[in-house]
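Chemist: Here is my input; please provide its structure:
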Amino acid sequence: MTFFEALLLGIIQGATEFLPVSSSGHTVLVPHLLGLGEPTLSLIAIAHQGTLLAVLIYFWQDLWRIAQGVWQGLRQGQPLGNADARLGWYIVAGTVPVLIVGLTLEEFINGIFERPLYAAFFLMITAGLLVLGERLRSGEMALSGIGWQDAVIIGLFQTLALFPGISRSGSTITGGLWRGLDRETAARFSFLLGVPAILGAGLLSVLDLIQSGDLASQAAVYLGAFLAAGVTGYAAIALLLAWLREHTLYPFAVYCALFGGLYLLFALI
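Modeler: Sure, this is the predicted structure:
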């Protein structure tokens with residue numbers, strides 16, 4: 001991809017990683033629709049690190065309290081002795097399912113990324129998940145009310161996002177709504193839960209790039225995608241949290257259904 005194509009990819013990645021409309025679906029479908037160069041998995045992973053930076057900056061106070069709570073709990077021999085420590089370990093527990101499924105099905109999932117029709121189909125699945133989340137919404141629980149079972153179930157929802165077209169934020173927010181979180185809190189836990197998964201995938205891709213020798217030759221392209229994703233990702237986090245304080249997920253469901261459905265129709269024609 002050219003530098004400007006990488007910038008566009010970063011903007012798409014940053015905006016759609018946190019809005020529940022599937023970043024993977026958009027990074028597969030939009031370049032195909034616009035006739036752009038096909039992004040490599042490494043470039044997509046670097047753009048993901050830009051969105052990780054956005055999360056780290058936006059939630060740095062929450063993450064710092066969690067890290068302090070975990071460290072304090074371990075030092076005192078009470079790893080679950082405070083609310084911040086418990087939240088940290090719940091994030092770890094919620095990450096385990098996606099780690100297991102991702103490593104087990106890595107080759108199969110990579111193959112699906114090469115087929116845009118699958119991404120369009122899974123976008124329509126995302127639409128259904130968002131509607132399901134609104135229908136299953138059962139309470140106004142705060143983050144302090146989350147337990148082990150909640151964390152694991154939301155983590156299982158996160159595994160769905162390994163497939164292109166299924167939104168990670170959308171699927172985990174749906175899981176959170178089902179477990180009794182309010183919309184904004186479900187989104188906050190979704191973003192925090194995404195930190196280990198995005199970080200792990202990105203580190204593996206960076207190591208692959210270093211070993212292949214492509215990192216230096218394509219540094220400008222990767223940097224452009226990284227920064228664009230970070231800036232737009234930060235804006236998308238703020239936008240979604242503000243939206244969910246007063247509104248539902250239905251508009252995002254409509255968008256996913258229309259985008260995925262129209263692409264499938266376009267492909268058939």
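Chemist: Test my guess that Gly200 contacts Leu99.
Modeler: Yes: Gly200 lies in contact with Leu99 (CB atoms under 8 Å); the separation is 7.2 Å. C-beta here means a position set from N, CA and C on the backbone, and glycine is covered the same way.
Chemist: Quick one: the helices in this protein, in order.
Modeler: Using DSSP state H, the helices of the chain run over residues 3-18, 23-34, 41-58, 60-75, 83-104, 106-112, 116-136, 148-159, 168-178, 183-212, 214-217, 219-244, 250-268.
Chemist: Including distance to Ala142 and mean neighbour count, could these go into a markdown table?
Modeler: Listed next are the helices of the chain as a markdown table, based on distance: least, CB to CB, whole Å; neighbours: other CB atoms under 10 Å:
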| stretch | distance to Ala142 | mean neighbour count |
| --- | --- | --- |
| helix 3-18 | 21 | 23 |
| helix 23-34 | 28 | 21 |
| helix 41-58 | 19 | 23 |
| helix 60-75 | 13 | 15 |
| helix 83-104 | 10 | 19 |
| helix 106-112 | 34 | 12 |
| helix 116-136 | 18 | 21 |
| helix 148-159 | 12 | 21 |
| helix 168-178 | 12 | 28 |
| helix 183-212 | 6 | 19 |
| helix 214-217 | 42 | 13 |
| helix 219-244 | 14 | 20 |
| helix 250-268 | 23 | 16 |
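Chemist: List the residues that contact Ala225.
Modeler: 6-7, 9-10, 13, 43, 46-47, 50 (CB atoms under 8 Å, 6 or more residues apart in numbering).
Chemist: still on that earlier bit, which of the helices of the chain comes out lowest on mean pLDDT?
Modeler: Lowest mean pLDDT within the helices of the chain: helix 214-217, a mean of 61.
Chemist: how far does stretch 134-146 stretch from start to finish?
Modeler: End-to-end distance for stretch 134-146: 19 Å, by CA to CA, to the nearest Å.
Chemist: next one: stretch 17-29
Modeler: For stretch 17-29, the end-to-end distance is 14 Å (CA to CA).
Chemist: Could you do stretch 109-122 as well?
Modeler: 13 Å.
Chemist: And for that stretch, what's in contact with it?
Modeler: Identification of contacts with stretch 109-122 by CB under 8 Å, 6+ apart yields 22, 24-25, 28-29, 32, 41, 102, 162-166, 259-261, 263-264, 267.
Chemist: repeat for stretch 189-208
Modeler: Residues contacting stretch 189-208 (CB under 8 Å, 6+ apart): 18, 41-42, 45-46, 48-49, 51-52, 55-56, 58-59, 62-63, 66, 87, 91-92, 94-95, 98-99, 102, 143, 146, 154-155, 158, 168-169, 172-173, 176, 181, 215, 237.
Chemist: rerun that using 7 Å as the cut-off
Modeler: 18, 41-42, 45-46, 48-49, 51-52, 55, 59, 62, 91, 94-95, 98, 143, 146, 154, 158, 168-169, 172-173, 176, 181, 237 (CB atoms under 7 Å, 6 or more residues apart in numbering).
Chemist: Just the CA atoms of that stretch, as CSV, please.
Modeler: Provided in CSV are the C-alpha atoms of stretch 189-208 (Å, rounded to 0.1, in the frame of the first residue of the first chain):
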residue,chain,number,x,y,z
PHE,A,189,-15.2,-2.8,30.1
SER,A,190,-15.1,-3.7,26.4
PHE,A,191,-12.3,-1.2,25.8
LEU,A,192,-10.3,-2.3,28.8
LEU,A,193,-10.7,-5.9,27.9
GLY,A,194,-9.4,-5.2,24.4
VAL,A,195,-6.0,-4.0,25.7
PRO,A,196,-4.3,-7.4,26.3
ALA,A,197,-5.7,-8.9,23.0
ILE,A,198,-4.7,-6.0,20.9
LEU,A,199,-1.3,-5.7,22.5
GLY,A,200,-0.5,-9.4,22.1
ALA,A,201,-1.5,-9.6,18.5
GLY,A,202,0.5,-6.4,17.7
LEU,A,203,3.7,-7.6,19.4
LEU,A,204,3.6,-10.9,17.4
SER,A,205,3.1,-8.9,14.2
VAL,A,206,6.0,-6.5,15.0
LEU,A,207,8.3,-9.5,15.7
ASP,A,208,7.3,-11.0,12.4
